[in-house]
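*Asks:* I would like the atomic coordinates for the input below:
(4 chains)
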There are 2 protein chains.
Amino acid sequence: MNHHKEVTIYDIAKTLNISAATVSRGLKDHPAISKNTKKRIIEAAKAMGYRSNTFASNLRRQRTNTIGIIVPRLNSTFMSDVIAGMEKIVNDAGYNLIISQSLESVEKEIKNAATMFNNRVDGLLVSLAYNTENINHFSQFIKKGIPLIFFDRVYEHPACPTIVINNYKAGYEITSHLIEQGCKDIMHISGSQLRNVYLQRCKGYKDALADHGIPFKNNNLIINNLSATEATQTAHQILSMPDRPDGIFAANDTCAVSCMIELRKHGVRIPDDIAFAGFNNDPISQIVEPNLTTVDYKGNEMGAVAARTLIGHLNGNFDFLLTNTLMLRHELIIRESSLKKEMFYEQ
Amino acid sequence: MNHHKEVTIYDIAKTLNISAATVSRGLKDHPAISKNTKKRIIEAAKAMGYRSNTFASNLRRQRTNTIGIIVPRLNSTFMSDVIAGMEKIVNDAGYNLIISQSLESVEKEIKNAATMFNNRVDGLLVSLAYNTENINHFSQFIKKGIPLIFFDRVYEHPACPTIVINNYKAGYEITSHLIEQGCKDIMHISGSQLRNVYLQRCKGYKDALADHGIPFKNNNLIINNLSATEATQTAHQILSMPDRPDGIFAANDTCAVSCMIELRKHGVRIPDDIAFAGFNNDPISQIVEPNLTTVDYKGNEMGAVAARTLIGHLNGNFDFLLTNTLMLRHELIIRESSLKKEMFYEQ
DNA sequence: CTGTTAGCGCATTCAA
DNA sequence: TTGAATGCGCTAACAG
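*Replies:* Purely as a prediction, here's the structure:
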């Protein structure tokens, strides 16, 4: 390790024969500094290779200029887009980012929250893990008045703004679409009902059935963790059913695709025997044959909105509280796998 | 924002009627502190809701206990695994992580490097962007003696350890496999030859041809950015070729899959007309029909090894320099799409 | 084993 | 418009 000593504002001050206080002010564009000295300071700083010491600054100012992000996983196109959206806004506002993933486990999420807390983030953006039941591990932030914003997988709390899409409506629409395509016996594969996204999609599914006069059957609602592995198991469960459904709406594309592939392996024709719909518009939805009908929503936008809301709070702009829940747009993406053969003939 | 004042080691010292220095030592498990006082200190700290101030500590110790990571993208199973592997090692060693993505652009990578530098990371783990030509933006780290380690997409520099798999060998093996399956006219779709991973896979491809007595044709080497979009364009390029290849080895699965799908859309039979192989063992390689032959390597392991190497350096353990390049294992995953019909008959 | 002392680099109050 | 002085909270000599 090496120890070329760092240039400090004192070094600049000495070179310029002015005080460190003036340098400090000049560097951060303080109004009460003459144009000229400001210019000299900035030039000298650059010439001398000065870089400000965040830690001294943070220590002094009692804030970190850092924003934390906790997400279930980073490895999806959606989350990647979310992070990219956040990063842009956050950097432009002069903040840094600490990113961590809970890997869908509360335990890890609790640890992550502690790390964020100890790192004294100025604000926190969170999408909850699969099995999180309460937000006690976030109460330390709320108590301290550190802005906490949930997005996508949210928790309702008066102190916390939430950014979501209308999962209920999307679930309703996609189920209605399957019905319009001729499905009369539709199964829904959902995730933990602790998570708003799955609960709401499920409600939308049920209401769509009801509104079209189709009775809801308990056997047609399956809850698993929406992973490829469990989706495959679910496929076998379906294969062994006496009355198989003629349509399946899965709460994410991973589940839809894996289930579909396994069923097809066992001779089920898609979409003629069973039509399929997923959620998220993952790239795989366009790779699987036939292509999957799904719901698209913009991660980038969600990230940007969440970040903007947070920064608004940090700047003491509480307009956002007027609309404590921000609901973004989504879009139904209709593809081949939900188009039953008969429907083609009718055209 | 709120300002309940934070508990400091002075508060603990006062309550316990000891000095702040002792508290500081007790908290960090200093050897020269009696079992008893240590216990009292830790209990008091917990009772009083103390949390250590990283910034004061960093300022004082002149190090940050933070490690930076710069990767092209976070949204792949591979990178996600890499990060997870790093996170575990790094946390266990008491370091924090700052993660950022270059989104495959040098410009962003340069900015990220600057941010990392200003945040005074103790060490840096990097996988290069698609079009990075030199590592001038990392020279500030090298000059300052801040350990810099490249993994996967690496740059050869005497000061920087690298963690890779044997891309040459993998390229050689997968090409040989296609040849053994009966392919006589094999195309290779590669990425930027600035990146070791693509350059080496390409070399492996060429040598495999040579060793099997197949002449290399310039028309059979296509360079694109390996995205789905460009893969589709490449497919059309192939369709318009007078003599189409009977096998294609693409340098990643995304490219292989998109190209394959587009070709099939236009009547090409896979693998009978053209056999396919990819690289990475992405989930999509198992979703596409027919499943893709590919090369698997463990992101988790690569991340862990890279992190361990870095921490070794930080602790002044330079054994690693003896093997400046660490080469991890890979594995050929043989699936249906490279198995020509004839081969089945022969069995 | 524990205490005293000093200073890391910066931002801010108060004075000028 | 600028400077002097102070302390944010912690750690590491050095001294006992």
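*Asks:* okay, CA-based contacts and neighbour counts for the rest of this
*Replies:* OK.
*Asks:* Just the pLDDT at A:Ile146, thanks.
*Replies:* A:Ile146 is assigned a predicted lDDT (pLDDT) of 89.
*Asks:* For the residue nearest to it when sequence neighbours are not counted, list the residues it contacts.
*Replies:* With C-alpha to C-alpha, 6 or more residues apart in numbering or on different chains as the criterion, A:Ile146 has its nearest non-adjacent residue at 5.6 Å, and that residue is A:Gly123. Each residue near A:Gly123 by C-alpha atoms under 8 Å, 6 or more residues apart in numbering or on different chains is listed here: A:Thr66, A:Ile67, A:Gly68, A:Ile146, A:Pro147, A:Leu148, A:Leu310, A:Leu314.
*Asks:* Show the backbone phi and psi for A:Gly123.
*Replies:* Here the main-chain torsion angles of A:Gly123 (degrees, to the nearest 10) amount to phi -160, psi 160.
*Asks:* just the one 4 residues further on next, same as before
*Replies:* Recorded main-chain torsions at A:Ser127 are phi -120, psi 120, according to degrees, to the nearest 10.
*Asks:* pretty sure it is touching A:Phe151, no?
*Replies:* Yes. With contact defined as C-alpha atoms under 8 Å, A:Ser127 and A:Phe151 form a contacting pair (5.4 Å).
*Asks:* List, one by one, the residues from chain A near chain B.
*Replies:* Remark: the part of chain A in contact with chain B comprises A:1-4, A:51-56, A:58-59, A:73-77, A:79-80, A:97-99, A:118-119, A:144-146, A:257-258, A:261, A:284, A:287-289, A:314, A:316, using C-alpha under 8 Å from any C-alpha of the partner chain.
*Asks:* What residues sit buried inside the helix or strand where A:Glu173 lies?
*Replies:* In this structure, A:Glu173 sits in helix A:167-180 according to DSSP states H and E. Neighbour counts using 16 or more other C-alpha atoms under 10 Å in any protein chain shown place A:167-179 of helix A:167-180 among the buried residues.
*Asks:* same thing with stretch A:130-150?
*Replies:* When neighbours are counted by 16+ other C-alpha under 10 Å, the buried residues of stretch A:130-150 are found to be A:Tyr130, A:Asn131, A:Thr132, A:His137, A:Phe138, A:Phe141, A:Gly145, A:Ile146, A:Pro147, A:Leu148, A:Ile149, A:Phe150.
*Asks:* will you turn those residues into JSON lines that also has secondary structure?
*Replies:* Converted to JSON lines, the buried residues of stretch A:130-150 look like this (DSSP: H, G, I helix; E, B strand; the rest coil):
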{"residue": "A:Tyr130", "secondary structure": "coil"}
{"residue": "A:Asn131", "secondary structure": "coil"}
{"residue": "A:Thr132", "secondary structure": "coil"}
{"residue": "A:His137", "secondary structure": "helix"}
{"residue": "A:Phe138", "secondary structure": "helix"}
{"residue": "A:Phe141", "secondary structure": "helix"}
{"residue": "A:Gly145", "secondary structure": "coil"}
{"residue": "A:Ile146", "secondary structure": "coil"}
{"residue": "A:Pro147", "secondary structure": "coil"}
{"residue": "A:Leu148", "secondary structure": "strand"}
{"residue": "A:Ile149", "secondary structure": "strand"}
{"residue": "A:Phe150", "secondary structure": "strand"}
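*Asks:* And for the closest residue to chain B within the stretch 1-150 of chain A, nearest residue in space, chain neighbours not counted?
*Replies:* Of all residues in the stretch 1-150 of chain A, A:Asn75 sits closest to chain B, at 4.2 Å by C-alpha to the nearest C-alpha. With C-alpha to C-alpha, 6+ apart as the criterion, A:Asn75 has its nearest non-adjacent residue at 4.2 Å, and that residue is B:Asn75.
*Asks:* list the contacts for that neighbour?
*Replies:* Counting by C-alpha under 8 Å, 6+ apart, B:Asn75 has contacts A:Leu74, A:Asn75, A:Ser76, A:Thr77, A:Met79, A:Ser80.
*Asks:* Between those residues, identify the one with the most neighbours.
*Replies:* Highest neighbour count within those, by other C-alpha atoms under 10 Å in any protein chain shown: A:Leu74, with 28 neighbours.
*Asks:* so is the residue in the stretch 51-200 of chain A positioned nearest to DNA strand D in a helix, a strand, or just coil?
*Replies:* When distances are taken as C-alpha to the nearest atom of the strand, the stretch 51-200 of chain A approaches DNA strand D most closely through A:Arg60, which lies 3.5 Å from it. A:Arg60 carries the three-state label helix when classified by three-state DSSP.
*Asks:* Can you give me the neighbour number for it?
*Replies:* The number of residues packed near A:Arg60 is 12, by other C-alpha under 10 Å.
*Asks:* Over to A:Ala21?
*Replies:* A:Ala21 sits with 12 neighbouring residues when counted by other C-alpha under 10 Å.
*Asks:* Checking my notes, the residue nearest to A:Asn75 in a helix, right?
*Replies:* No. Residue state for B:Asn75 (three-state DSSP) corresponds to coil; a helix is not indicated.
*Asks:* my guess is A:Ser19 meets A:Ala13, correct?
*Replies:* Yes. With the criterion set as C-alpha under 8 Å, A:Ser19 and A:Ala13 qualify as a contacting pair; they are 5.3 Å apart.
*Asks:* quick one, which of these two is more surrounded?
*Replies:* A:Ala13 (19 against 14).
*Asks:* Give the other helices and strands that the helix or strand where that one lies contacts.
*Replies:* Assessed by DSSP H and E, A:Ala13 sits inside helix A:9-16. Packed against helix A:9-16 by the contact rule (3 or more C-alpha pairs under 8 Å, 6 or more residues apart in numbering or on different chains; DSSP states H and E) you find helix A:20-27, helix A:35-48.
*Asks:* can you pull out the helices in the stretch 201-347 of chain A?
*Replies:* When assigned using DSSP state H, counting those that start in this stretch, the helices of the stretch 201-347 of chain A occupy the ranges A:228-239, A:253-265, A:284-287, A:299-314, A:341-346.
*Asks:* Any idea which of the ones you listed has the lowest pLDDT on average?
*Replies:* helix A:341-346 (a mean of 51).
*Asks:* what's the neighbour count on A:Ala231?
*Replies:* 24.
*Asks:* Let me know whether it touches A:Ala251 as I believe.
*Replies:* No. At 11.0 Å, A:Ala231 does not count as touching A:Ala251 under the criterion of C-alpha under 8 Å.
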